[in-house]
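# attaching a predicted model along with its sequence, questions to come.
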Amino acid sequence: MKTRLPAGLFGLPVHELRCGYYSDIYFWREKRTLEEHGVRSEVTMQVFQKKDAVLCGADEALAVLRAASGRFTDPTRAAALFERYRPAGAGRGSIESELNALWVDGFSQLEVRALYDGDRVAPWESVLHITGEASLFAHLETVYLGILARRTKIASNVRQVVEAAGGKPVLYFPARFDHWAVQAGDGYAAFIGGADGVSTPAQTAWTAASPLGTVPHALIAAVGGHTVRAVTLFGESFPAVHIVALVDFDNDCVGTSLACCEALGERLWAVRLDTAAAVVDPSSSGPGVTAELVERTRQQLDAHGFGHVKIMVSGGFNPKRIRAFESEAVPIDAYGVGSWMLQGDCDFTADVVLLDGRPCAKVGRAYAPNPRLARVD
């Protein structure tokens, strides 16, 4: 049975959402226009995107609707309070109480149907239907569409990499390429897409996972450029952690891998090849991490009795490159993928398609019922 994440998990900025702080101003003005003129007709809002994708962000979007659908009994007073609330810092408590007292929940008046995080979706397939008074949720369109676009892009990109890797572990490593504030949701999306690990504690906030990583170049440099020393010290500091040695610091992946193996023996879990795209390792005839470099590393590890040590690769990997390596049966045990996971887009669109149960939509859009949509209680 499919389940949804609890709304409280997301730590939503409730007052900002209710007051339209994160909304395109025209949606906030739409809400106020409908309220001021007493327009109470029922609409059905339909949400979709245009690619084959792995849906993610549905639970987060539903949490937004649950927390911020509704209206203020005195919008003018609420606006004045919110102007004080934003810079108030520690003095927000009393203002929050007043804002809450003015708020009338609207989620219970809506009928919401949605797919689940992790569902495969087709182009133009409806992923969310919201039915009720438009003024109750008009101001939230920017927010829930943005959530769905971001999370679905990440989950879909990760799934492409996972499928290309053919069952081999994929580690999600793009944290350094984006703003820190997106990590919790992106990490969750990575797991929805099938990633085996993420690199920051924040990326595990919505799951029961633990962050994974390797010995970094910076640690090697900080101990004088001695990879073996860095790996040894790392192992002493973290005895319960699988040690993965980064072995390209001296541009001798084979030699450094063997040196780390000899120093740590069974304690070493894997080596990670991360040769830069403009650098040619002596054991390779081409730049970057090549199939030849991986194969020679594997051969030498096995020849010296270190068959237990796995090989991880990283540095510019994407689905096309991974498929090429897999088609050649290159002896790779795991892939670390960074910036490619953030590429592309997966834009969502929302349209009113029914008005009081009758068709009413812009030209080119129409109500598209989807029997897979599950009612949200």
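Ah, there it is.
# mind listing what Gln343 touches?
Contact partners of Gln343, counting by C-beta atoms under 8 Å, 6 or more residues apart in numbering, are Asn157, Asn318. The C-beta positions use only the backbone N, C-alpha and C, and glycine is treated the same way.
# at 10 Å instead, please
Counting by C-beta atoms under 10 Å, 6 or more residues apart in numbering, Gln343 makes contact with Lys153, Asn157, Pro174, Asn318.
# what are the phi and psi values for Val47?
Recorded main-chain torsions at Val47 are phi -120, psi 130, according to degrees, to the nearest 10.
# sorry, that was for Asp105
phi -60, psi 140.
# quick one: it and Arg66 touch, right?
Yes: taking C-beta atoms under 10 Å as the definition, Asp105 is a contact partner of Arg66 at 9.0 Å.
# how close does Glu262 get to Phe306?
8 Å (C-beta to C-beta, to the nearest Å).
# check Leu5 too.
42 Å.
# so for these two, which sits in the more crowded spot?
Neighbour count, other C-beta atoms under 10 Å: between Leu5 and Phe306, Phe306 has more, with 20 against 16.
# sec struct for the more buried one, please.
Phe306 falls in the coil class when you classify it by DSSP: H, G, I helix; E, B strand; the rest coil.
# which residue ranges of the stretch 101-250 of the chain form strands?
Remark: strands assigned in the stretch 101-250 of the chain by DSSP state E, counting those that start in this stretch are 103-105, 111-114, 120-121, 128-133, 170-172, 197-198, 243-246.
# export these to JSON lines and tack on mean neighbour count, distance to Arg229 and mean pLDDT?
Below are those laid out as JSON lines (neighbours: other C-beta atoms under 10 Å; distance: least, C-beta to C-beta, whole Å; pLDDT from 0 to 100):
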{"stretch": "strand 103-105", "mean neighbour count": "14", "distance to Arg229": "59", "mean pLDDT": "98"}
{"stretch": "strand 111-114", "mean neighbour count": "19", "distance to Arg229": "53", "mean pLDDT": "98"}
{"stretch": "strand 120-121", "mean neighbour count": "16", "distance to Arg229": "48", "mean pLDDT": "98"}
{"stretch": "strand 128-133", "mean neighbour count": "22", "distance to Arg229": "54", "mean pLDDT": "98"}
{"stretch": "strand 170-172", "mean neighbour count": "26", "distance to Arg229": "25", "mean pLDDT": "98"}
{"stretch": "strand 197-198", "mean neighbour count": "24", "distance to Arg229": "26", "mean pLDDT": "98"}
{"stretch": "strand 243-246", "mean neighbour count": "25", "distance to Arg229": "11", "mean pLDDT": "97"}
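# okay if I get those strands as CSV plus distance to Val215?
What follows is the strands of the stretch 101-250 of the chain, written out as CSV (distance: least, C-beta to C-beta, whole Å):
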stretch, distance to Val215
strand 103-105, 51
strand 111-114, 43
strand 120-121, 37
strand 128-133, 44
strand 170-172, 14
strand 197-198, 16
strand 243-246, 5
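# kindly list the longest helix within the protein.
helix 141-165 (DSSP state H).
# buried stuff in that helix?
141-162, 164-165 (16 or more other C-beta atoms under 10 Å).
# try stretch 5-17
Under the neighbour-count criterion of 16+ other C-beta under 10 Å, stretch 5-17 has Leu5, Ala7, Phe10, Leu12, His15, Glu16, Leu17 buried.
# spatially nearest residue to the second one (excluding sequence neighbours)?
In space, and not counting its chain neighbours, Ala7 is closest to Ala63: 3.8 Å by C-beta to C-beta, 6 or more residues apart in numbering.
# pretty sure Ile25 sits against Cys19.
No: Ile25 is beyond contact range of Cys19, at 11.9 Å (criterion: C-beta under 10 Å).
# what do these two both touch?
With C-beta under 10 Å, 6+ apart, Ile25 and Cys19 have common neighbours His139.
# between those two, which one's more packed in?
Cys19 (24 against 10).
# report the separation between that one and Ala68.
According to C-beta to C-beta, Cys19 and Ala68 sit 9 Å apart.
# need the residues touching each of those two.
Counting by C-beta under 10 Å, 6+ apart, the contacts common to Cys19 and Ala68 are Pro13, Trp103, His139.
# okay if I get these as TSV plus distance to Val231?
Putting these into TSV (distance: C-beta to C-beta, whole Å) gives the following:
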residue	distance to Val231
Pro13	43
Trp103	56
His139	53
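# just give me the closest of these to Asp196.
Among the shared contacts of Cys19 and Ala68, Pro13 lies closest to Asp196 (C-beta to C-beta), at 31.7 Å.
# hang on, the closest one packs against Ala63?
No: Pro13 is beyond contact range of Ala63, at 11.7 Å (criterion: C-beta under 10 Å).
# which residues touch the closest residue to Asp250 other than its chain neighbours?
Excluding the flanking residues, the one nearest Asp250 by C-beta to C-beta, 6+ apart is Thr256, at 5.9 Å. By C-beta under 10 Å, 6+ apart, the residues touching Thr256 are 220, 227-228, 231, 245-250, 271, 273, 297.
# could you do Phe348 as well?
Contacts of Phe348 by C-beta under 10 Å, 6+ apart are 47-50, 53, 55, 57, 61, 127-128, 141, 144-150, 152.
# same thing with Asp377?
Arg4, Val112 are the contacts of Asp377 under C-beta under 10 Å, 6+ apart.
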